[in-house]
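>>> can you look at this prediction? I've put the sequence above it.
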Amino acid sequence: MGIPNVSFELLKGQLGGTINLDDGIAGLIVSGTATPDIALSEPKVIFSYEDALDLELSGFALREIQEFYQFAGAGQELWIMLVADDTLISEICDITNPLAKKLLDASAGRIKVWGVNVELTSSYSPSIPSAEGIDADVLAALPLAQALCEDFAGRHHPTRCVMGGRMFDAGKIAELRDLKQGSDNRVQITLLGRSLEELDSDPTNHEGKEARVGFLLGLYSSLSVQRNIGRVANGDLGLTEAFYSDGETTAEELMNAADTIHDKGYVLPIVRYGKNGYFYADDPTATADTDDFNSFARGRVIDKAQRIAYNVFCDFVNDDYSVDASGQIGIGELKRLQGGIDDAVNQQMTAAGEISAFQSFVDPAQDTLATGQTKVKLMVQPRAYHKQIVIELGFSKTIE
């Protein structure tokens, strides 16, 4: 123990500079081969790439998990499920099937964001090539994943989905489905892929034309909820080359079309002139620009606020309290209702820089004696984003 003395332990992460690991808990459904330690369709939780090796995972599944942990780092909780090659993504996301729903149920609400990625093989045949620029099965899965996420949000387990826009067709950008015509604001499609040459794939087959889902999930797990994946200050993606999910088209080759692809609601890789490396352009969801949740970051923020609110107010259910002389909620109970949620959100989100401000309001004029219902209004003021920076530059005869 040494000589008796006074010592200090300096606390780190008290200024909101660290990530709440629970916010980054992800789920990954990926094609793979069963091993003695994990069967197909079996939910399993791991905490490192080494855990995946211990499960004797290999090939596509192992590569997806490895890329997740490149960003997330060892120790991050990841729920995984293996499915057979060529399993339809629409089948996985269908709430009536025991696949994605089974994984989300198994995590008991711990999964905040989940992704689906299935390796393509030469036997895969539905709608190839798609008339809308990416695999038609992915587009069919969009509303199914949305419905599944909404179901879990209704059960106080809000979650969001990332899907790979596999088999991107660089020759059909004009025909590419405009996701902003939809309303699937809990789902996102990424087009970042891998090089066929890197994978030693045969271009005549479909292998290698998947998008990188584990890669994006790992980035989300490493960022606080309000962070946009396209934030330049995050740093580049650490890639020596960035390909679309056809395995052949580079980010550089489509820079002139990047605005069009982005404006149709996809996550895509870009180069930023004067910056080394590659970046995601933005974090859109498959919904209209007028939707408050057209950004994945905005969705993650409101999901966290919902989870906090549920945890606070669940303790109030069936609790009794005093009313004032007019039969309305007493001032003491009003303060208890508002104080609990204000403290929780401000401590966990405002102080961490995840939102700009928060306010709660309980109308004291509610007739709760008659209805048994107490209405609480929660208002989250989000952080703003520098989406477009417009600079007016010119000469001036004088400077004031």
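That came through, no problem. A quick note: this is a predicted structure, and the numbers were derived from the prediction, not measured.
>>> dihedrals phi and psi, residue 357?
Main-chain torsions, residue 357, degrees, to the nearest 10: phi -160, psi 170.
>>> which residues touch the closest residue in space to it that isn't next to it in sequence?
Excluding the flanking residues, the one nearest residue 357 by Cβ to Cβ, 6 or more residues apart in numbering is residue 381, at 4.2 Å. Placement of C-beta: from N, CA and C, glycine included. Listed by Cβ atoms under 8 Å, 6 or more residues apart in numbering, the contact set of residue 381 reads 355-359.
>>> most surrounded residue in the residues you listed?
Neighbour tally across the contacts of residue 381 (other Cβ atoms under 10 Å): the maximum, 22 neighbours, falls on residue 355.
>>> let me see the contact set for the residue nearest to that residue when sequence neighbours are not counted.
Excluding its sequence neighbours, the residue lying closest to residue 355 (Cβ to Cβ, 6+ apart) is residue 349, at 4.9 Å. Residue 349 is in contact with 301, 304-305, 308, 355, 358, counting by Cβ under 8 Å, 6+ apart.
>>> just the helices in the stretch 51-200 of the chain please.
Applying DSSP state H, counting those that start in this stretch to the stretch 51-200 of the chain gives helices spanning 59-72, 89-93, 100-107, 136-154, 196-199.
>>> okay, the most centrally placed residue in the chain: pLDDT?
For the chain, residue 113 is the residue whose C-alpha lies nearest the centre (Cα atoms, centre = their mean; 4.5 Å). As predicted, residue 113 sits at a pLDDT of 98.
>>> give me the angle between the host helix or strand of residue 220 and helix 59-72.
If you go by DSSP states H and E, residue 220 is part of helix 213-222. In terms of direction (axes from the mean of the first three to the mean of the last three Cα atoms, to 10 degrees), helix 213-222 departs from helix 59-72 by 20 degrees.
>>> helix, strand, or coil at residue 343?
What DSSP: H, G, I helix; E, B strand; the rest coil gives for residue 343 is helix.
>>> picking that back up, can you tell me what sits against the helix holding residue 220?
Contacting residues not belonging to helix 213-222 are listed as 19, 24-26, 28, 30, 63-73, 76, 78, 113-117, 162-164, 190, 192, 229, 237, 267, 280, 296, 300 [Cβ under 8 Å, 6+ apart].
>>> repeat for stretch 297-310
Residues from elsewhere that reach stretch 297-310 (Cβ under 8 Å, 6+ apart): 23, 109, 112-113, 153, 156, 158-160, 185-186, 220, 225-229, 283, 285, 292-293, 341, 344-345, 348-349, 354-355, 358, 378, 380, 382, 385.
>>> mean confidence (pLDDT) on it, please.
The average of the pLDDT scores along stretch 297-310 is 95.
>>> same check on stretch 215-229?
96.
>>> kindly export that stretch (C-alpha atoms) in CSV.
What follows is stretch 215-229, C-alpha atoms only, in CSV (Å, rounded to 0.1, in the frame of the first residue of the first chain):
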residue,chain,number,x,y,z
PHE,A,215,-18.5,-0.9,-41.7
LEU,A,216,-21.2,1.7,-41.4
LEU,A,217,-22.7,0.2,-38.2
GLY,A,218,-19.2,0.3,-36.6
LEU,A,219,-19.0,4.0,-37.4
TYR,A,220,-22.4,4.7,-35.8
SER,A,221,-21.3,2.8,-32.7
SER,A,222,-18.3,5.0,-32.4
LEU,A,223,-20.2,8.2,-32.7
SER,A,224,-22.4,10.0,-30.2
VAL,A,225,-26.1,10.0,-31.3
GLN,A,226,-26.1,13.6,-32.7
ARG,A,227,-23.1,13.1,-34.9
ASN,A,228,-23.6,13.0,-38.7
ILE,A,229,-21.5,10.3,-40.3
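>>> roughly how far is it from the heart of the chain?
7 Å (Cα atoms, centre = their mean, to the nearest Å).
>>> same question, stretch 169-180
Centroid displacement of stretch 169-180 relative to its chain, using Cα atoms, centre = their mean, is 23 Å.
>>> that stretch: end-to-end distance?
The first and last residues of stretch 169-180 sit 19 Å apart, counting by Cα to Cα, to the nearest Å.
>>> in that stretch, what counts as buried?
169-170, 176-180 (16 or more other Cβ atoms under 10 Å).
>>> what of stretch 373-393?
Applying a neighbour-count criterion of 16+ other Cβ under 10 Å, one finds 376, 378, 380, 382, 385 buried in stretch 373-393.
>>> among those residues, which are in helices?
Among the buried residues of stretch 373-393, DSSP state H puts none in helices.
>>> nearest to residue 256, of the residues you listed?
residue 385 (24.5 Å; Cβ to Cβ).
>>> leaving out the residues flanking it, which one is nearest to that closest one?
Nearest residue to residue 385, sequence neighbours excluded (Cβ to Cβ, 6+ apart): residue 228, at 6.0 Å.
>>> ok, that neighbour touching residue 281?
No - in this structure, residue 228 is not within contact of residue 281 by Cβ atoms under 8 Å, at 10.0 Å.
>>> mind checking the SS state of the residue nearest to residue 385?
Residue 228 is classified as coil under three-state DSSP.
>>> quick one, what contacts it?
Contacts were defined as Cβ under 8 Å, 6+ apart; by that measure residue 228 touches 282-283, 295, 297, 385.
>>> on that earlier part again, so the residue nearest to the centre of the chain bridges to which residues?
Note on residue 113: beta-bridge partners by DSSP bridges are residue 26, residue 160.
>>> for it, give its distance to residue 377.
27 Å (Cβ to Cβ, to the nearest Å).
>>> can you check the pLDDT for residue 270?
With respect to pLDDT, residue 270 scores 96.
>>> measure it to residue 299 for me?
Separation of residue 270 from residue 299 (Cβ to Cβ) stands at 22 Å.
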